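Chemist: pasting the sequence and the predicted coordinates here, then a few questions.
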Amino acid sequence: MTEAEHVSFQPETDRNWEAFYKQDVSAKIPSFSRDGRIYDCIYAQQFNRPLLDELFTITDKLRDITKTVEGEDYVSSLLRNKRTMLWFTQPSTRTFLSFLNACQILGMNTSDIRDAKTSSEAKLETFYDTVRTFSSYADVLVMRHPEAGAAEKAAWTLKAGDRPIPVLNGGSGPDQHPTQALLDVYTLDRYLQRNMKRNGDQASAERGSGIDGKKIALVGDLKRGRTVRSLAYLMKNYWDVELTLIAPEQFKMESDIRGFLDKHGIPYHETDNFEEGIRDADAIYMTRVQDEHDATKGESAKVDYSGFGLKPKHMRMIKKSCIIMHPLPRRTEIDSEIDQDPRAVYWKQERNGMWVRAALMSYVFKKEGDILGYNPVKK
Amino acid sequence: MTEAEHVSFQPETDRNWEAFYKQDVSAKIPSFSRDGRIYDCIYAQQFNRPLLDELFTITDKLRDITKTVEGEDYVSSLLRNKRTMLWFTQPSTRTFLSFLNACQILGMNTSDIRDAKTSSEAKLETFYDTVRTFSSYADVLVMRHPEAGAAEKAAWTLKAGDRPIPVLNGGSGPDQHPTQALLDVYTLDRYLQRNMKRNGDQASAERGSGIDGKKIALVGDLKRGRTVRSLAYLMKNYWDVELTLIAPEQFKMESDIRGFLDKHGIPYHETDNFEEGIRDADAIYMTRVQDEHDATKGESAKVDYSGFGLKPKHMRMIKKSCIIMHPLPRRTEIDSEIDQDPRAVYWKQERNGMWVRAALMSYVFKKEGDILGYNPVKK
Amino acid sequence: MTEAEHVSFQPETDRNWEAFYKQDVSAKIPSFSRDGRIYDCIYAQQFNRPLLDELFTITDKLRDITKTVEGEDYVSSLLRNKRTMLWFTQPSTRTFLSFLNACQILGMNTSDIRDAKTSSEAKLETFYDTVRTFSSYADVLVMRHPEAGAAEKAAWTLKAGDRPIPVLNGGSGPDQHPTQALLDVYTLDRYLQRNMKRNGDQASAERGSGIDGKKIALVGDLKRGRTVRSLAYLMKNYWDVELTLIAPEQFKMESDIRGFLDKHGIPYHETDNFEEGIRDADAIYMTRVQDEHDATKGESAKVDYSGFGLKPKHMRMIKKSCIIMHPLPRRTEIDSEIDQDPRAVYWKQERNGMWVRAALMSYVFKKEGDILGYNPVKK
């Protein structure tokens, strides 16, 4: 069900929405907070360093606790009486499954609508009526939608009604995918830190995040990948990060993000030379061509992408401590042989998504204290 | 999967079904009872006043109990080892989600089939074989089906076999939607009673149902809306109710319902003058055009429906204590501005559906005693 | 999503797969075992007599334990922190629902993908990447797939990665459906044994399986039915079984199975005379035409199948103790009137599927000791 299919009979309200929507993200962030905490998770920009650090600590603790049956039982009792609505009008295997399994880890009940047809009855109601209906039954709404601003509009419009619930953005069109950014930064942070420890650099490992002072290469379709966009936003939270933006001319990072990097003093270097760009990177973030966003059919197929894939030979060129990431699904950007290399962390990154989302969900329901303060009963 | 797609090789049984089906509802009701209780919930006519009162009391108690974590845990343990099959071959957001969440509140496990394609394997088996299969795995079947009589047939046919389970009708074609009627009457009752209390009319508030003695306006497509049909049936359970049937000529209430009202001595007044009809109503029940039931394409579009919508100006014409209801989804019948008016109770009505269905489900499994008798442990 | 739609960029790995795949099943079985136990359930041939006996004992005990609330609670706590992924890219009502409900009986959490479209995002990733993703979130994968060897490939390919999980084959194209075979053999065993007891033949009832020494008629499309293929494989585990293969000429059992029967010394007799074949059978296993596997459209419709259906008149010809089975769904192979005959056990067989799958799942997670050793607390 696309927004266009909705009959709009809320001209006044919709005008308000347009006025709200066109504001700068920083001006809109307070609308999605409550009592100084994130209420709706809509933009990557909502996460600052203390919150990132806190969420990652919760994530680690959740993984640690659930290593025992006793801990699993404790965690799965935390939100046992809460109900999540998963509304995915755009296909998504990973985001859907990781949110669903994150809810299950916390003991939540879930409902889902994954097929536009299932809700075709609702075709002629307004967007507000659709999301307001979810809030009649559920305590939190996780949503993916093909249109930019959809999750934002859902959260904004629910606040105008009598029963708002938190909205977690699972990807809204080409613009934002904040929980993907969260799992990416968590993965960067933890595996870069692990590397520092392995290399005996205990001091800097303890100094702060594994990300501080690192050189990160973003590779591929930087123009249309919401994943790399959201990730770039989060880099302002770390010290002395340098970005290498590696893309074919046609898929170069857009000026809005470059402007953001300039504004926050994050140095970056653009190149279309893959081998040169990855050579001294501490982390390489690979992405696929986002051809589902082609303006004209077959547009992407004309771009020569062959030079932007990671092959076994490259593993000898890059740093021994470099980590390889990918939001998945991949096509041919990373040769499957590389999966065996310990520097390849994309499968761990995928699983991290489930844990980070569980941490975020527990935070939304203010259960972080119960998690961080958990001590197994001595026997 | 429609009934027509089933190969019928049960001529004898099917003849029995036709003979059963064409009987009057009152003659069929005993077939869906057991030990003086509702076993299958098929028709609105199965609910009499004592049962309505009891179900609404259970509903209130469920809402009350679940205000504490202790109470939530108690309620979600009641049916923890029961499994519900949700079979929805016709799209439905609200009925599906509210039944699903009702099951979760009671701690039930659920399975669902919501897409005709998912069960296409079953295309060539009989209707009996399909529902008998559900009864192999589940303890109760909730179903929505595009054909009239489908839920009734499912319950009837299961009884001929060796493993009947209760069937709850979540809407069967154009004829019945008994749980919708239940939530509608619950909402009428509770909000009309609340109004009486607010207006200081404590005496009549305590006398009985909020519905007794009230004037209720039913507006819109009264010809094809199963919601208003089911609702009309239930009005016989209340004293001195007066109905105002407001519809364009083409969508007037059918003679079968008018006959029912006449037979039960329920006075009604028909009009196509919306503003006149709503003026002295205690409750206004709005409905949308049911164009999915058009006999010829575009038929409904030719009807002038513009005069049958509630606009802000009307809020000054109607009673101060009047409540506005709608089964949802709405199109343009109620201006969204009206949502803010305290007399608009349709969003509460939607949520009530979840609670009433939880109450019905607990009743089907004879857990009403556990709910009504619940007392939190003193600490 | 079919395998063909996947872009393969793993030539080396795929070549290994082809080499592995074309081996004899007996050579491949060790790859799907661990510590002398079944790890992945891929082929019917993985079950030997001691394991069949053990699984059936677990099944009986599960059914017995769950007759009390206390026992239900115990069983539903066994795998309460495990998560199952149900991946069904081919429609299936029975296998899906029985696996899902089996998981619920054991208290497991479940995720499912049942619609190829839901995962269309994944269209261009490799088969390995798709199943590896499931293993990022879930503890076990249950899958049905339209292609032969799909479950086998999933299990095999996961072992090459860093996070294998058990794979349970819920039907892979025309070749294998091992859990169907399991429930069939369980049903044969238990109901034939029950008959022996009823007939006062206590001695032979206690001697071993109800299957030993019996004559079993397999009827219908023996060429393309994976159900009867898998069942035939399991017969080697029993003593003195005789098979009667009843099929029209065009649907005769293929030579590979006949070779298997010859090799294991299982006597069989082929006929296209239905009435003659069923007359002295101890069990009759009916099947439908598998026209979904037609090589040319309408091919099956040309075969005269009318003589291969069980009608009420046949019930007087067959043994008084004979049991009638069918994997369901049925079309016209068994007249519905026969459902009332106590010898018709196909509906029980269907429900047995849920219990046998619960037993298998508990075995995969090594919980059989907890089940077999369960003793209700004395009050």
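Modeler: Everything's here; your move.
Chemist: does stretch A:133-147 come close to chain B?
Modeler: Yes - contact between stretch A:133-147 and chain B, assessed by Cβ under 8 Å from any Cβ of the partner chain, occurs at A:Thr133, A:Phe134, A:Ser136, A:Tyr137, A:Ala138. In this view, the C-beta of every residue, glycine as well, is placed from N, C-alpha and C.
Chemist: now do the buried residues in that stretch.
Modeler: Using 16 or more other Cβ atoms under 10 Å in any protein chain shown as the test for burial, stretch A:133-147 gives A:133-147.
Chemist: of the residues of stretch A:133-147 next to chain B, which is the nearest to chain C?
Modeler: Nearest to chain C among those, counting by Cβ to the nearest Cβ, is A:Ala138 at 17.7 Å.
Chemist: wait, that closest one sits on A:Cys103?
Modeler: No - A:Ala138 lies out of contact with A:Cys103 (Cβ atoms under 8 Å); the separation is 10.9 Å.
Chemist: could you identify the most distant pair in the residues of stretch A:133-147 next to chain B?
Modeler: Across those, the longest distance by Cβ to Cβ is 9.6 Å; it joins A:Thr133 and A:Ala138.
Chemist: A:Met354 contacts A:Ser98, correct?
Modeler: Yes - using Cβ under 8 Å, A:Met354 makes contact with A:Ser98 at a distance of 4.2 Å.
Chemist: for the two, list the residues in contact with both.
Modeler: Residues touching both A:Met354 and A:Ser98 (Cβ atoms under 8 Å, 6 or more residues apart in numbering or on different chains): C:Ser136, C:Tyr137.
Chemist: and A:Arg144, helix, strand or coil?
Modeler: Local secondary structure at A:Arg144 is given as strand here, using DSSP: H, G, I helix; E, B strand; the rest coil.
Chemist: what separation do you get for it and chain C?
Modeler: Distance, A:Arg144 to chain C, by Cβ to the nearest Cβ, to the nearest Å: 10 Å.
Chemist: phi, psi for the closest residue to that residue other than its chain neighbours please.
Modeler: Spatial nearest neighbour of A:Arg144, excluding adjacent residues (Cβ to Cβ, 6 or more residues apart in numbering or on different chains): A:Gly170 at 4.1 Å. Note on A:Gly170: its backbone torsions stand at phi -100, psi 30 [degrees, to the nearest 10].
Chemist: where exactly do the helices run in the stretch 251-379 of chain A?
Modeler: According to DSSP state H, counting those that start in this stretch, the stretch 251-379 of chain A carries its helices in the segments A:255-263, A:274-278, A:346-364, A:368-372.
Chemist: using CSV, lay out these together with mean neighbour count and distance to A:Leu52.
Modeler: Formatted as CSV, the helices of the stretch 251-379 of chain A follow (neighbours: other Cβ atoms under 10 Å in any protein chain shown; distance: least, Cβ to Cβ, whole Å):
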stretch, mean neighbour count, distance to A:Leu52
helix A:255-263, 14, 17
helix A:274-278, 18, 25
helix A:346-364, 24, 10
helix A:368-372, 16, 13
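Chemist: leaving out sequence neighbours, find the closest residue to A:Lys311.
Modeler: The shortest distance from A:Lys311 to any non-neighbouring residue, by Cβ to Cβ, 6+ apart, is to A:Asp335 (5.1 Å).
Chemist: that neighbour touches A:Leu310, doesn't it?
Modeler: Yes - using Cβ under 8 Å, A:Asp335 makes contact with A:Leu310 at a distance of 6.6 Å.
Chemist: more neighbours: these two, which one.
Modeler: A:Leu310 (23 against 17; other Cβ atoms under 10 Å in any protein chain shown).
Chemist: and that one, what are its bridge partners?
Modeler: A:Ile334 (DSSP bridges).
Chemist: I figured it hits A:Thr332, correct?
Modeler: No - A:Leu310 is beyond contact range of A:Thr332, at 9.8 Å (criterion: Cβ under 8 Å).
Chemist: so what sits opposite A:His145 in the bridge?
Modeler: For A:His145, the beta-bridge partners are A:Ser172 (DSSP bridges).
Chemist: was I right to think it contacts A:Ala151?
Modeler: Yes - counting by Cβ under 8 Å, A:Ala151 is a contact partner of A:His145 at 6.5 Å.
Chemist: give the intersection of the neighbour lists for these two.
Modeler: Each of A:Ser172 lies in contact with both A:His145 and A:Ala151 under the rule Cβ under 8 Å, 6+ apart.
Chemist: surely A:Ala181 forms part of a strand?
Modeler: No - under three-state DSSP, A:Ala181 sits outside any strand and is assigned helix.
Chemist: how about A:Leu218: which residues does it bridge to?
Modeler: When bridges are called by DSSP bridges, A:Leu218 pairs up with A:Leu245, A:Tyr285.
Chemist: pLDDT below threshold where in the stretch 201-350 of chain A?
Modeler: Scanning the stretch 201-350 of chain A with the threshold set as pLDDT under 70 gives A:201-207.
Chemist: tell me the residues of it that contact chain B?
Modeler: In this structure, the stretch 201-350 of chain A does not approach chain B anywhere, judged by Cβ under 8 Å from any Cβ.
Chemist: which residues of the stretch 201-350 of chain A fall in strands?
Modeler: Assigned by DSSP state E, counting those that start in this stretch, the stretch 201-350 of chain A shows strands spanning A:215-219, A:242-246, A:268-271, A:283-286, A:323-325.
Chemist: equivalent analysis for the stretch 1-150 of chain A, please.
Modeler: Using DSSP E, counting those that start in this stretch, the strands assigned to the stretch 1-150 of chain A run over residues A:33-34, A:37-38, A:83-88, A:109-113, A:140-145.
Chemist: which residues touch the first one?
Modeler: The set of residues external to strand A:33-34 that reach it, using Cβ under 8 Å, 6+ apart, is A:Tyr39, A:Gln46.
Chemist: neighbouring strands for that strand, and are they parallel or not?
Modeler: Sheet pairing of strand A:33-34 (DSSP bridges) gives strand A:37-38 (antiparallel).
Chemist: and the partner strand, average pLDDT?
Modeler: Confidence over strand A:37-38 (mean pLDDT, whole number) is 96.
Chemist: show me how far that strand is from its chain's centre.
Modeler: With Cα atoms, centre = their mean, to the nearest Å as the basis, strand A:37-38 stands 17 Å off its chain's centre.
Chemist: contacts for that strand, please.
Modeler: Residues outside strand A:37-38 that contact it (Cβ under 8 Å, 6+ apart): A:Phe32, A:Gln46, A:Phe47, A:Leu51, A:Tyr363, A:Val364, A:Lys366.
Chemist: isn't A:Asp53 up against A:Gly210?
Modeler: No - contact criterion Cβ under 8 Å: A:Asp53 and A:Gly210 do not qualify, at 11.7 Å.
Chemist: which of those two has more neighbours?
Modeler: The neighbour comparison of A:Asp53 against A:Gly210 (other Cβ under 10 Å) goes to A:Gly210, with 24 against 15.
Chemist: doesn't A:Tyr191 make contact with that one?
Modeler: Yes - A:Gly210 is in contact with A:Tyr191 according to Cβ under 8 Å; the separation is 7.0 Å.
Chemist: what's near enough to touch A:Ile246?
Modeler: Here A:Ile246 is in contact with A:Ala217, A:Leu218, A:Val219, A:Gly220, A:Thr271, A:Asp272, A:Asn273, A:Phe274, A:Gly277, A:Ile278, A:Phe308 (criterion: Cβ under 8 Å, 6+ apart).
Chemist: and it, how far from C:Thr89?
Modeler: A:Ile246 sits 36 Å away from C:Thr89, taking Cβ to Cβ, to the nearest Å as the criterion.
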